[in-house]
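Peer 1: Predicted coordinates and the sequence they were generated for:
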Amino acid sequence: MNDTWKKLYTVVQDRRVNPQEGSYTCYLFEKGLDKILKKVGEECSETLIAAKNGIQGETVGEISDLLYHLTVLMVEQNIPLEAVMDELDRRSQKIGNLKTFHQSDHES
């Protein structure tokens with residue numbers, strides 16, 4: 001598991017339990033799920049636009065913002081980081097299933 005993401009997750013968990021004045025993370029928790037989801041959506045859109053524009057540094061920054069906000073969402077929803085990492089690991093071991101991928105790609 002990536003130590004940086006693990007550290008981030010731990011800090012976000014701590015902010016939820018031990019709010020600190022002036023903390024953006026605490027602000028998100030205080031505003032609640034709707035605000036967190038709004039930020040995830042915004043960061044997702046910004047990531048897409050940065051990638052479309054082909055500016056790698058900007059895209060990296062937007063992906064980082066998106067991962068941060070997704071981490072806040074995970075903590076808000078009590079989803080352990082290990083659960084996501086385990087799911088990614090499980091999926092990485094899967095071979096094939098291209099037909100299902102293409103079917104689901106056309107449905108969205």
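Peer 2: Perfect, thanks for sending it. Residues are numbered from 1 along each chain as shown.

Peer 1: Can you classify Q20 by secondary structure?
Peer 2: Here Q20 is recorded as coil under DSSP: H, G, I helix; E, B strand; the rest coil.

Peer 1: OK, contacts around it?
Peer 2: Contacts for Q20 (C-beta atoms under 8 Å, 6 or more residues apart in numbering) come out as C26. Using the backbone N, CA and C atoms, a C-beta is placed for each residue, glycine as well.

Peer 1: same thing with C26?
Peer 2: Counted by C-beta under 8 Å, 6+ apart, C26 has contacts R15, R16, P19, Q20.

Peer 1: any idea which element the second one lies in?
Peer 2: Secondary structure from DSSP states H and E places R16 in helix 3-17.

Peer 1: any idea how far E21 is from the residue most central in space within the chain?
Peer 2: The chain has L70 as the residue nearest its centroid, 2.5 Å off, counting by C-alpha atoms, centre = their mean. Noted for L70: a distance of 25 Å to E21, by C-beta to C-beta, to the nearest Å.
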